[in-house]
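Engineer: Please work out how this folds:
(chains A and B, ligands or ions: 1)
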Amino acid sequence: MQQPILLARLSRRGLFQGLATLAFCEAAFADEAAAISFDGLYKSFGVLGFQFSDRATSLRGQEVRMLGYMAPPLKPESHFFVLTREPLAICPFCQSDADWPVDIVVVFMKAVTPMVSAGQKVAVSGRLEIGSAIDAETGFVSQIRLVDASFHVA
Amino acid sequence: MRAQKWLMTILATGLAGATPALSQTIYPINRAEILEGSRFDFKVEFPNAPTSADVKVTINGKPAADIFGKPTAFTQNEEGQKHSALWLRGATLPAGNYVVEATQGANKATVKWEVFATAQPRRAKNVILFIGDGMSVAHRTAARIMSKGWEEGRFNGELAIDDMPNMALISTSGSDSIVTDSANSAHAYTTGHKSCVNALGVYCAKNALTLDHPKVETISEVIKRRSKMTIGVVTNAEIEDATPAAMVAHTRRRSDYNDIVKMFYDVKPDVIMGGGSPNFLPKTTPGSKRTDDLDFIAQFKAAGYTIATTKTEMNAAAASGTKKLLGLYNTSNVDGAFDLRLAKKGSVAKFPDQPDVAEQTRAAIDMLKSNEDGFFLMVESGRIDKYSHSLDWERAVFDTIMLDNAVKIAKDFAGERNDTLIIVVPDHTHAVSLVGTYDDERPGQLLRDKLGTYADSKAPNYGPLDADGYPTNVNTSRRLAVVFGTYPDTCDTGRPFMDGERVPALKSADGKTNVANEADCTGPLATRKAGNLPFDANSGVHSGDDGILTAMGPGAEKFRGHKPNTYVFRVMAEALALGGE
Ligand SMILES: [Zn+2]
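Structural biologist: A predicted model of the protein is given here:
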């Protein structure tokens, strides 16, 4: 529904990149990537921390695909966004990661890509990274990432 | 607004006709009320980076260092910025009235402070401060109808929060704005100073780093420094969130959660309970939000704290005589009463054994009460505000009933002792109002056809009350109509949100504007509303309306008429005789 507006806003370069990304992820989905769900990431989930599932651990460093919801994007085009288990309407302060749900997955894309509106269900494919990392550019703390990723609206 | 600021600056500087745009700024600010002996950072900022020879600072006509009995420090071009600064960290003053003058060339800035003493002997052994975050008059009225019942114009009972001998209207403005946030407003209660939005335990100066701003002492720090009283901080929000953080924190930015956890550790309140565990975990632990390797679970354990992560563990700790407890019951906010009891949504499935605020209050009092030197307990029902932001009034009112149950427990404890000051107060309000009832039997197809006003505002037919005074069904055919005065583009349904907290609007792909949540726009009575807030708002906003404070116990008689929020600190400090060196 938002698509035409988005496309109209894109620069020519952005449009080509977006199309290229879409084409790539269709191909990737057909082949190698193993699907993993939010619930499938964890063995246990407690107040004092969680444990990654054996499957998540075994898929570390490999191409996976995940379904989730795009959190409110900070910019119309970006190289990263936050993938959440439930639709997350509100970008809390949009300044710090203090209020994000604890089980977010941070998606770093191959290229700067136009975002879709918050709460959109998206299918992401990318290489699974596990373990605490702080993004040098944004200071964003994450435990699980999909890198060199691409997505399409699910 | 701008004109008013300009006028105030003129009055403050006493320089009618001069250009006020770049004047010296003095912290604490004009009309500050300072507890005798409490610590505060004194700072004067001079525009255009003058040298120390170009400026003069006096207090009651004498050099500032003489009055404080300590040298001040002058920095030209502070932090490379275009101002110079004069500092004295950790100043104290004896009671009295002070006039501070900062002179730079022909410009003179003047502020006045009142440093107040507190009378001996101490009048209260214990103080319990209940904060209903965002609690407004309509929340109270709806809670009374829902929880006590209404017949022929009368309620079938009183709320514990209403049935108290003393009352006042409290205004909540900050130094920078008419409508403030929960950080700054809670800070007024815990320090007695007016500051600005997002600030905790500091004035908002020009410092670049959030932890460097001029500090003022919190009531927890005064109590720990001066007495053997024990302290409890209880909330169902994240423990690092604004209201509980105001008990211990000094930062210009309320979202400094990792720093705030360390500040809790530095002050060490005896009982600490809420959500927000990820900021206690070292970054190597999956689920951590820390950026360092500090393990505050281990550190609190080493400092003698019992750790509880469930209601069962909390109650076991209280029953076994534990005196120091760190209770963390959720990675985020603890679920509210509506989800814990009725809807079972939110994170109830993930965390099935969370205590509510009333249960937390009972356990906290059990752990604190044996101290012969008394205790100070702050209890927040934090999601009245959060659910009001999301325009989910049933959830907000359930958490008002929960606060009422917590206050009932405190009143039962206080009983006839007459040594415990109990205060119930919001930190700010929301634009929320009760205007009638929605009745599905009324003719018509639209939500507005179903709204009964005036003579048609009949009593709701909610399900029977459970043992704790909550209705067991609110998704009935005749329901209260509670409306919000501020909203983004959204769709009203006129019904409770049984599938999870209401999400009024979603951020659009441009990352700036917000659009109605279409999930609410398709039901039989769904009504689309164009927002009345700026386009970047995704939820309701706080209001500048006064809040209602009720109180009982020694010192409570001081609450009457209209008072600023800083007065709450003053009454508590006086009841506990916290003044003096
Ligand atoms: Zn709020």
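Engineer: element containing the residue nearest the centre of chain A?
Structural biologist: Here the mean C-alpha position of chain A is nearest to the C-alpha of residue A:107 (C-alpha atoms, centre = their mean), at a distance of 3.3 Å. Following DSSP states H and E, one finds residue A:107 within strand A:105-114.
Engineer: Tell me which strands that strand pairs with, and in which orientation.
Structural biologist: Next to strand A:105-114 in the sheet, as set by DSSP bridges, lie strand A:77-84 (antiparallel), strand A:141-153 (parallel).
Engineer: Can I get it as PDB, trimmed to CA atoms?
Structural biologist: C-alpha atoms of strand A:105-114 as PDB (Å, rounded to 0.1, in the frame of the first residue of the first chain):
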ATOM      1  CA  VAL A 105      17.600  -9.100  15.800                       C
ATOM      2  CA  VAL A 106      19.600  -6.300  14.200                       C
ATOM      3  CA  VAL A 107      19.700  -6.500  10.400                       C
ATOM      4  CA  PHE A 108      22.700  -5.000   8.600                       C
ATOM      5  CA  MET A 109      22.100  -5.000   4.900                       C
ATOM      6  CA  LYS A 110      24.400  -5.300   1.900                       C
ATOM      7  CA  ALA A 111      23.400  -1.900   0.700                       C
ATOM      8  CA  VAL A 112      21.400   1.200   1.800                       C
ATOM      9  CA  THR A 113      17.900   0.100   1.200                       C
ATOM     10  CA  PRO A 114      14.500   1.800   1.400                       C
END
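Engineer: I'd like to know the average pLDDT value across it.
Structural biologist: Average pLDDT, strand A:105-114: 90.
Engineer: part of a helix, is residue B:563?
Structural biologist: No. Assessed with DSSP: H, G, I helix; E, B strand; the rest coil, residue B:563 is strand; it does not lie in a helix.
Engineer: okay but it is in contact with residue B:167, surely?
Structural biologist: No. The pair residue B:563 and residue B:167 fails to qualify as a contact (C-beta atoms under 8 Å) at a distance of 10.7 Å. Every C-beta, even on glycine, is put in place using the N, C-alpha and C of the backbone.
Engineer: Please report the distance of the residue nearest to the centre of chain A from chain B.
Structural biologist: Between residue A:107 and chain B the distance is 15 Å, computed by C-beta to the nearest C-beta, to the nearest Å.
Engineer: quick one, what contacts that residue?
Structural biologist: By C-beta atoms under 8 Å, 6 or more residues apart in numbering or on different chains, residue A:107 lies in contact with A:80, A:81, A:82, A:83, A:124, A:126, A:145, A:146, A:149, A:151.
Engineer: Give the intersection of the neighbour lists for residue B:563 and residue B:167.
Structural biologist: Residues within reach of residue B:563 and of residue B:167 at once, by C-beta under 8 Å, 6+ apart, are residue B:549.
Engineer: For chain A, see how far away residue B:294 is.
Structural biologist: The value you get for residue B:294 to chain A, if C-beta to the nearest C-beta is used, is 13 Å.
Engineer: ugh, wrong one, I meant residue B:268
Structural biologist: According to C-beta to the nearest C-beta, residue B:268 stands 20 Å off from chain A.
Engineer: need the contact list for that residue.
Structural biologist: Contacts of residue B:268 by C-beta under 8 Å, 6+ apart are B:224, B:303.
Engineer: No more questions from me, cheers.
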